[in-house]
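Asks: got a sequence here, can you build the structure:
(4 chains)
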2 protein chains.
Amino acid sequence: MNQIARPKKLAVSGAPGERARSRILDTAEDLFAREGPAAVTLRSIAAAAQVNVAAVNYYFGSKENLFEEMFLRRIIPLNEERLTRLADCVARANGAPPLEDIVAAYVLPALRLTDAASASARAIVVQYSLGRVLAMPEVNEKLARYYAQVREEFVAALLRVLPHLAPHEVVWRYYWMGGSLMVALAVPSATPGSPLSAATPPAATGTMADHLIAFLVQGFRASPVPKRQRNPGGKKAAAGGI
Amino acid sequence: MNQIARPKKLAVSGAPGERARSRILDTAEDLFAREGPAAVTLRSIAAAAQVNVAAVNYYFGSKENLFEEMFLRRIIPLNEERLTRLADCVARANGAPPLEDIVAAYVLPALRLTDAASASARAIVVQYSLGRVLAMPEVNEKLARYYAQVREEFVAALLRVLPHLAPHEVVWRYYWMGGSLMVALAVPSATPGSPLSAATPPAATGTMADHLIAFLVQGFRASPVPKRQRNPGGKKAAAGGI
DNA sequence: GGAAAAGTCAATCACTCGTTTAAATCAATC
DNA sequence: GATTGATTTAAACGAGTGATTGACTTTTCC
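Replies: Predicted coordinates for the structure are as follows:
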């Protein structure tokens, strides 16, 4: 019932259709990054890409497919690079790489998008990651197993380096690392009036990666917490008893 | 031109209108938390709240106003409690509280929403925070200065405890703390199929707060990173040289 | 050169959205 | 008990959405 009419075969590289197709993709990403998800309508895409409205459905079948391709072409290479870097440093160190390298393998492929030219790609990555956290409907679930694989491989490598931690503690910290990374990615893309860009230092963002890695490595090295004595008083009891 | 017809005076507590009004607010929040932002239409709210569609505009003037009130009634008390806790522990320690207390003052008011009864409130807080990161249009900017004040007071307190860090480094870590907290908040609200809930440990979530605080405190204690020698090779050079 | 495929176009469909209107109902007050 | 203001209701409006159609033009390939 929902059969869509895709082009029968991919056009060759220089074909006009192929140019229109990738122009639609780039325009959608650019609109998405600059104006937000709600602003990405088929008509706004068509207008900005100088293409007829029907062209979007012609090339992608549906808006949902367009969104999917727009996301996946950024997300899949990112996660593949993470896995490659992790495998590299694990192999190089015979199974026990420095903690810094594991964190860097997860963080650096994303933080490379900090330059101005990658602004829209960065927005896609951030939006997709946050969308996964919130289970937004427009973010599909085809990558769920893929993300699970990334998580499992990183958690396994981290557990080997941090054997004193319980597995669920490592999983928690892995997620928290993802949260920090998302914010770090979002900072340069914040609008000038936004508080996220208020205190952006004059230093090059290249050094931010080193700071973030140091921050996270120290967090991973935190010793497991003993059971905390819950204060029996009211909700505003002193928090100093940790 | 955009004049809206609000009720002239607030109805008294037991009035039927007041009950309808808060029912709309609660229903909107519940829909927002369970189905996502896109599912919150005036018609879906009205149906779930057993109220006429026009009642929403009657009580709130517009959908935007409804959303604003829905967010602010959760966000404002949360941030006020953060500031109160921070001021308390700063005053108790004569200006130099333990780092744990500062982090706890920021983290605990939010993590209190981890129980099942606060699921929708938690979703509101998470969504609002992420929306600020992404500059989503539906998240208004009235709280920008408010958030700036929270950030400045926390950064000032942190700088006093971590004088060896540059101000912008503390600001970075403050943001990263927010990212970790958002993910920590989102974990319990993840849908069962979501990867975020895949490895949720059997332990009570009460202990997660202690873990997160330990993780973040260690991160804040990380020593500032020296200038990292950028590998001059290709993009896939070894990351072990930190 | 000409048929077939690929691509483009304006026009329109069915639908949902937030909002508004005007009449009907309810509750309190004089 | 009539009046007045607050609430509720059904119905519609206009704008905007994604998708589709069928005719038209361009490109490709034999």
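Asks: show me where chain A has helices.
Replies: A:16-35, A:42-48, A:53-60, A:63-92, A:99-111, A:119-134, A:144-161, A:167-189, A:206-221 (DSSP state H).
Asks: what residue is smack in the middle of chain A?
Replies: Geometric centre of chain A, nearest residue: residue A:125, 3.9 Å, by CA atoms, centre = their mean.
Asks: in this structure that one contacts residue A:109, no?
Replies: No. Taking contacts as CB atoms under 8 Å, residue A:125 lies outside contact range of residue A:109: 9.7 Å. (C-beta placed from N, C-alpha, C; glycine too.)
Asks: joint contacts of these two?
Replies: Contact criterion CB atoms under 8 Å, 6 or more residues apart in numbering or on different chains; residues bridging residue A:125 and residue A:109 by contacting each: residue A:78.
Asks: need phi/psi at residue A:40.
Replies: Residue A:40 adopts backbone torsions of phi -90, psi 90, taken as degrees, to the nearest 10.
Asks: would a markdown table of the helices of chain A with mean pLDDT and distance to residue B:56 be doable?
Replies: Formatted as a markdown table, the helices of chain A follow (pLDDT from 0 to 100; distance: least, CB to CB, whole Å):
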| stretch | mean pLDDT | distance to residue B:56 |
| --- | --- | --- |
| helix A:16-35 | 88 | 26 |
| helix A:42-48 | 95 | 27 |
| helix A:53-60 | 95 | 32 |
| helix A:63-92 | 94 | 28 |
| helix A:99-111 | 97 | 40 |
| helix A:119-134 | 84 | 24 |
| helix A:144-161 | 92 | 35 |
| helix A:167-189 | 90 | 32 |
| helix A:206-221 | 93 | 43 |
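Asks: which one of the ones you listed lies closest to residue B:49?
Replies: helix A:119-134 (23.0 Å; CB to CB).
Asks: that closest one and chain B in contact?
Replies: Yes. Residues of helix A:119-134 contacting chain B under CB under 8 Å from any CB of the partner chain: A:126, A:127, A:130, A:132, A:133, A:134.
Asks: for burial, what's the neighbour tally of the closest residue in space to the residue nearest to the centre of chain A that isn't next to it in sequence?
Replies: Spatial nearest neighbour of residue A:125, chain neighbours left out: residue A:74 (5.7 Å); criterion: CB to CB, 6 or more residues apart in numbering or on different chains. Residue A:74 has 19 neighbouring residues, counting by other CB atoms under 10 Å in any protein chain shown.
Asks: and the residues of helix A:119-134 next to chain B, which two are the farthest apart?
Replies: A:126 and A:134 (12.4 Å).
Asks: and residue A:181, how far from residue A:113?
Replies: From residue A:181 across to residue A:113, the span is 11 Å (CB to CB, to the nearest Å).
Asks: ok, the two, which is more surrounded?
Replies: residue A:181 (26 against 21).
Asks: stretch A:85-98: end-to-end distance?
Replies: Stretch A:85-98 has an end-to-end distance of 13 Å (CA to CA, to the nearest Å).
Asks: in that stretch, what's buried?
Replies: A:85, A:86, A:88, A:89, A:90, A:97 (16 or more other CB atoms under 10 Å in any protein chain shown).
Asks: isn't the fifth one up against residue A:156?
Replies: No. Taking contact to mean CB under 8 Å, the distance of 9.4 Å between residue A:90 and residue A:156 leaves them out of contact.
Asks: now the closest residue to residue A:128 other than its chain neighbours: how far from residue A:166?
Replies: Counting by CB to CB, 6+ apart, residue A:128 lies nearest to residue A:71, which is 5.0 Å off, once chain neighbours are set aside. As for residue A:71, its distance to residue A:166 is 34 Å (criterion: CB to CB).
Asks: ok, the two, which is more surrounded?
Replies: Neighbour totals were compared for residue A:71 and residue A:166, and residue A:71 leads with 22 against 14 (other CB under 10 Å).
Asks: surely the more buried one and residue A:132 touch.
Replies: No. With contact defined as CB under 8 Å, residue A:71 does not reach residue A:132; the gap is 10.2 Å.
Asks: just the closest of the buried residues of stretch A:85-98 to DNA strand C, please.
Replies: Within the buried residues of stretch A:85-98, the smallest distance to DNA strand C is 36.7 Å, found for residue A:85 (CB to the nearest atom of the strand).
Asks: just give the closest residue to that closest one, not the sequence neighbours.
Replies: residue A:105 (3.7 Å).
Asks: also residue A:72?
Replies: The shortest distance from residue A:72 to any non-neighbouring residue, by CB to CB, 6+ apart, is to residue A:143 (7.3 Å).
Asks: and that neighbour, what does it touch?
Replies: Going by CB under 8 Å, 6+ apart, residue A:143 touches A:72, A:75, A:76, A:79.
Asks: can you check residue A:102 too?
Replies: Per CB under 8 Å, 6+ apart, neighbours of residue A:102: A:86, A:89, A:154, A:157, A:158, A:161.
Asks: from DNA strand D, how far out is it?
Replies: 41 Å (CB to the nearest atom of the strand, to the nearest Å).
Asks: next: residue A:181.
Replies: 30 Å.
Asks: please report how far that residue lies from residue A:64.
Replies: Relative to residue A:64, and taking CB to CB, residue A:181 is found at 27 Å.
Asks: repeat for residue A:28
Replies: 12 Å.
Asks: just to revisit the earlier point, of the contacts of residue A:143, grab the buried ones for PyMOL.
Replies: Buried residues among those (16+ other CB under 10 Å), as a PyMOL selection:
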select buried, chain A and resi 72+75+79
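Asks: filter the contacts of residue A:143 by proximity to DNA strand C?
Replies: Subset of the contacts of residue A:143 in contact with DNA strand C: empty, counting by CB under 7 Å from any atom of the strand.
Asks: what does stretch A:74-86 contact?
Replies: Residues from elsewhere that reach stretch A:74-86 (CB under 8 Å, 6+ apart): A:29, A:102, A:104-106, A:108-110, A:121, A:124-125, A:128, A:143, A:146-147, A:149-150, A:153-154, A:157, B:236, B:239.
Asks: repeat the analysis, applying 7 Å as the threshold.
Replies: Residues from elsewhere that reach stretch A:74-86 (CB atoms under 7 Å, 6 or more residues apart in numbering or on different chains): A:102, A:105-106, A:109-110, A:121, A:124-125, A:128, A:143, A:146, A:150, A:153-154, A:157, B:239.
Asks: between these, which is closest to DNA strand D?
Replies: residue A:124 (17.1 Å).
Asks: any idea how far the closest one is from DNA strand C?
Replies: 24 Å.
Asks: ok, back up a step: wait, doesn't the residue nearest to the centre of chain A sit right on residue A:110?
Replies: Yes. Using CB atoms under 7 Å, residue A:125 is in contact with residue A:110, at 6.2 Å.
Asks: joint contacts of those two?
Replies: Both residue A:125 and residue A:110 are contacted by A:78, A:185, under the criterion CB under 7 Å, 6+ apart.
Asks: and residue A:158, what does it touch?
Replies: By CB under 7 Å, 6+ apart, the neighbours of residue A:158 are A:102, A:170, A:174, A:220.
Asks: next, give me the two most distant ones among those.
Replies: The span of the contacts of residue A:158, defined through CB to CB, is set by A:102 and A:170 at 10.8 Å.
Asks: show me which of residue A:28 and residue A:64 is the more surrounded one.
Replies: Taking other CB under 10 Å, residue A:28 and residue A:64 do not tie; residue A:28 has more neighbours (25 against 12).
Asks: I'd guessed that one sits against residue A:63; true?
Replies: No. Between residue A:28 and residue A:63 there is no contact under CB under 7 Å: 9.1 Å.
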